[in-house]
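Chemist: This is a predicted model, with the sequence first.
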Amino acid sequence: MADFLKNKISLTVMSAVLSVFTLIAYHWAFFRLVTDNVKADLNGVLITVSLVVLMLALNFFFYTLVLYLGRIVGKCLLALLFVGNAVCLYFINTYQVLVTDKMMGNVFNTQYSEASGFFSGQALLYILFLGILPAVYLFVQKTDYGKPKRFFAGAGLSLALALLIAFGNMTNWPWIDRHATKLGSLLMPWSYTVNSIRFYNAEKKRNRKAIPLPDARIATPGKDVCVLIIGESARRENFSLYGYGKPTNPLLEKDSVTALMAEAAATYTTAGVKAILDHKPTKKLYEILPNYLFRNGVDVTWRTTNWGEPPVHIDKYYKAKDLQKMNPEADGKYDEILLAGLKEEILSCTKDKMLVILHTSTSHGPTYNKKYPAKFEVFTPVCTTVEMAKANPKELMNAYDNTIVYTDYLVHSVIEMLKDVPQRRSCVLFVSDHGESLGEGNLYMHGVPMAVAPKEQIEIPFIVWTSDKNLKIRPDQKVGQYHVFHSVLSFLGIDSPVYDQEKDIFAGNKN
């Protein structure tokens, strides 16, 4: 073996070897998608074979170009891509994700504490055998780069073959276009490299200065407080408030809450949270709810164990570590840290109107069993592996259901806290950023594009409680995340030109 590696091989052979390896090692999911979506006829075979040849030709062109022009730098770049391919493939195979620009946004917005929960011993095997070993071979194997004439011939012929295949299949372009999003999300290394660039370009636009909303005014007297709890990956289907068979909401069922039917505007955190805080569906960055109310004289507090929200510009923005420093006696491991010192903060508020936003992370996978204290492990046994596709379905569901039991406790605790603050008329809104897949259709977690997303990732809880017994809530209406902005304005008595009565869940409380 050592003698074999000492012998130089031509750039043509090296590019061919890497092309075949890339096709076989990294694209099982890609071709599984292809075969699942073509007809079992001659044209289906033509599409599949054409994609195989096209991928080989394009990979050959790419490897020839990078190795000849880059030499050692090119090998370093390819080594990084091999490791990236291995990591990406692990997530595709383990969690059935689609690597879109939105998914890359989830990656870049995930903290190490959460990211580490996704990895297992199997991930190390992926990285070792499909990432590190190919990279080592790349550096150990000596390569004869040949003369420029051979380089141009090899690159030119492979590119010509790719173009021939592409234009020879013009009649199948509609099929390619129809499945382009899914196919592109499984194509290595283009899925994560191109979509990373797309994400950062979108972020650059999104992080520009927010468009200010028209000035608002406080139109009603009296002291009011609204607590908005943004849930994480909480799907409506598993709340007993909505008819789920297991008692996941034993406390809220006794709290006289109203459970509204709602759908998320997106299947990933950044877009879901933005929708909750926006006044209307838009890709533009308008002034979001906390910033808007803060600018117009409302006392606003943001407490979070999560991330992914648009830029928040208020005085009282606290992460878990900040709350832990302020309340050293509190347990900072779970979302209950968001409640530490909250009652005292509400009591000490000198302004008439107050908004508190609690951004939780309670039901974020894959380590559901680590998102709640031991006393909330009501349903057993629970799944303890991050390889969800290999988990016992019942154990996976038990672990997830326990996060809903903990969510029930958190929301109930806020309600009980506000009952002890009779000086203020109070309201609690619990809305999730998106739902969650738990194996239905072989999908796990979230992030599937909305066009093909299953109901489990879209249908969310929208739970309301208020201390004002005269304030009615329209129980039969279907609502969405954009109802939050206008309902909060309504409850706090804020008169604003952007207020939309149709998106106000409170009947008879119009500005």
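Modeler: The structure has been received and is ready for your questions. Numbers count the residues shown, from 1 in each chain.
Chemist: And for Thr360, the neighbour number?
Modeler: Neighbour count of Thr360, defined by other CB atoms under 10 Å: 29. All C-beta spots, glycine's among them, are computed from the backbone N, C-alpha and C.
Chemist: actually Gln122, not the one I wrote
Modeler: Count around Gln122 with other CB under 10 Å applied: 15.
Chemist: Give the buried residues for the host helix or strand of it.
Modeler: Element membership for Gln122 (DSSP states H and E) is helix 121-127. Residues of helix 121-127 classed as buried by neighbour count (16 or more other CB atoms under 10 Å): 123, 126-127.
Chemist: which one among these gets closest to Tyr244?
Modeler: Within the buried residues of helix 121-127, proximity to Tyr244 (CB to CB) peaks at Ala123, which comes in at 32.5 Å.
Chemist: For that closest one, which non-adjacent residue is closest in space?
Modeler: In space, and not counting its chain neighbours, Ala123 is closest to Tyr90: 5.0 Å by CB to CB, 6 or more residues apart in numbering.
Chemist: part of a helix, is Gly441?
Modeler: Yes. If the criterion is DSSP: H, G, I helix; E, B strand; the rest coil, then Gly441 is within a helix.
Chemist: still on that earlier bit, check which helices and strands the helix or strand following the helix holding Gln122 sits against.
Modeler: Note on helix 121-127: by DSSP H and E, the next helix or strand toward the C-terminus is helix 133-140. Using 3 or more CB pairs under 8 Å, 6 or more residues apart in numbering; DSSP states H and E as the contact criterion, the elements in contact with helix 133-140 are helix 11-26, helix 72-95.
Chemist: Apply 7 Å and report the result again.
Modeler: Applying 3 or more CB pairs under 7 Å, 6 or more residues apart in numbering; DSSP states H and E, we find helix 133-140 packed against helix 72-95.
Chemist: So which bits of the next helix or strand after the helix it packs on are buried?
Modeler: Downstream of helix 72-95, the next assigned helix or strand under DSSP H and E is helix 101-108. Residues of helix 101-108 classed as buried by neighbour count (16+ other CB under 10 Å): 101-107.
Chemist: Low-confidence stretches in the stretch 1-150 of the chain?
Modeler: 1-6, 109-119 (pLDDT under 70).
Chemist: Number of residues surrounding Lys325?
Modeler: By other CB under 10 Å, 10 other residues sit near Lys325.
Chemist: please renumber so the chain begins at 42
Modeler: Done: numbering now begins at 42, and the last item shifts to Lys366.
Chemist: which SSE is it in?
Modeler: Going by DSSP H and E, Lys366 is part of helix 361-367.
Chemist: Relative to the whole chain's centre, how far out is that helix?
Modeler: Once both centres are worked out by CA atoms, centre = their mean, to the nearest Å, helix 361-367 turns out to sit 25 Å from its chain's centre.
Chemist: hey, C-alpha coordinates of it in PDB?
Modeler: Extracted C-alpha coordinates of helix 361-367, given in PDB (Å, rounded to 0.1, in the frame of the first residue of the first chain):
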ATOM      1  CA  ALA A 361     -29.500  33.100  30.700                       C
ATOM      2  CA  LYS A 362     -26.000  33.900  31.900                       C
ATOM      3  CA  ASP A 363     -27.100  37.500  32.800                       C
ATOM      4  CA  LEU A 364     -30.100  36.200  34.700                       C
ATOM      5  CA  GLN A 365     -27.900  33.700  36.500                       C
ATOM      6  CA  LYS A 366     -25.600  36.500  37.700                       C
ATOM      7  CA  MET A 367     -28.600  38.500  38.900                       C
END
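Chemist: what ranges of the stretch 392-541 of the chain fall below the confidence cut-off?
Modeler: Ranges of the stretch 392-541 of the chain meeting pLDDT under 70: 516-517.
Chemist: how does it look with 80?
Modeler: Applying pLDDT under 80 to the stretch 392-541 of the chain flags the ranges 427-428, 430, 515-518.
Chemist: Please apply the same query to the stretch 242-391 of the chain.
Modeler: In the stretch 242-391 of the chain, residues with pLDDT under 80: 242-249.
Chemist: Which stretches in it count as helices?
Modeler: Here the stretch 242-391 of the chain has its helices, by DSSP state H, counting those that start in this stretch, at 310-318, 330-336, 361-367, 383-389.
Chemist: tell me the strands in the stretch 392-541 of the chain, going along the chain?
Modeler: 394-400, 466-473, 478-479, 485-486, 500-507, 513-514, 519-521, 535-536 (DSSP state E, counting those that start in this stretch).
Chemist: Please name every helix or strand in contact with the third one.
Modeler: Read it as strand 478-479. helix 434-460, strand 485-486.
Chemist: mind listing what it pairs with, with the direction of each?
Modeler: In the sheet, strand 478-479 lines up against strand 485-486 (antiparallel) (DSSP bridges).
Chemist: and Leu92, how far is that from Ala98?
Modeler: To Ala98, Leu92 is 11 Å away according to CB to CB, to the nearest Å.
Chemist: Need the overlap of contacts for the two.
Modeler: Common neighbours of Leu92 and Ala98 are not found (criterion: CB atoms under 7 Å, 6 or more residues apart in numbering).
Chemist: what's the closest non-adjacent residue to Ala307?
Modeler: Gly313 (4.8 Å).
Chemist: Could you report the neighbour count for that neighbour?
Modeler: Neighbour tally, Gly313, other CB under 10 Å: 26.
Chemist: residue contacts, it?
Modeler: For Gly313, the contacting residues are 305-307, 474-475, 522, by CB under 7 Å, 6+ apart.
Chemist: Spell out for me which residue occupies the centre of this structure.
Modeler: Tyr309 (3.4 Å; CA atoms, centre = their mean).
Chemist: I'd guessed that one sits against Asn147; true?
Modeler: Yes. In terms of CB atoms under 7 Å, Tyr309 counts as a neighbour of Asn147; the distance is 5.4 Å.
Chemist: Could you name every residue contacting both of those two?
Modeler: Gly488.
Chemist: quick one: buried residues of stretch 512-529?
Modeler: 512, 514, 520-529.
Chemist: pretty sure Ala316 is in contact with Thr308, am I right?
Modeler: No. The pair Ala316 / Thr308 is not scored as a contact, 11.2 Å apart, by CB under 7 Å.
Chemist: care to break this structure down by domain?
Modeler: Listed domain ranges for the chain are 43-247, 265-548 (source: automatic domain parsing).
Chemist: Ok, which of those comes nearest Pro253?
Modeler: domain 265-548 (5.2 Å).
Chemist: Give me the angle between the longest helix seen in the chain and helix 113-136.
Modeler: Ranked by residue count under DSSP state H, the longest helix found in the chain is helix 83-111. Counting by axes from the mean of the first three to the mean of the last three CA atoms, to 10 degrees, helix 83-111 points 140 degrees away from the direction of helix 113-136.
Chemist: Flag every buried residue along helix 83-111.
Modeler: Buried, per 16+ other CB under 10 Å, within helix 83-111: 85, 88, 91-92, 95-109.
Chemist: The residue nearest to Phe547 when sequence neighbours are not counted: neighbouring residues, count only.
Modeler: Closest residue in space to Phe547, ignoring its immediate chain neighbours: Ser531 at 5.1 Å, by CB to CB, 6+ apart. Per other CB under 10 Å, the neighbour tally for Ser531 reads 25.
Chemist: Do I have it right that Ser531 meets Gln542?
Modeler: No. Contact criterion CB under 7 Å: Ser531 and Gln542 do not qualify, at 8.4 Å.
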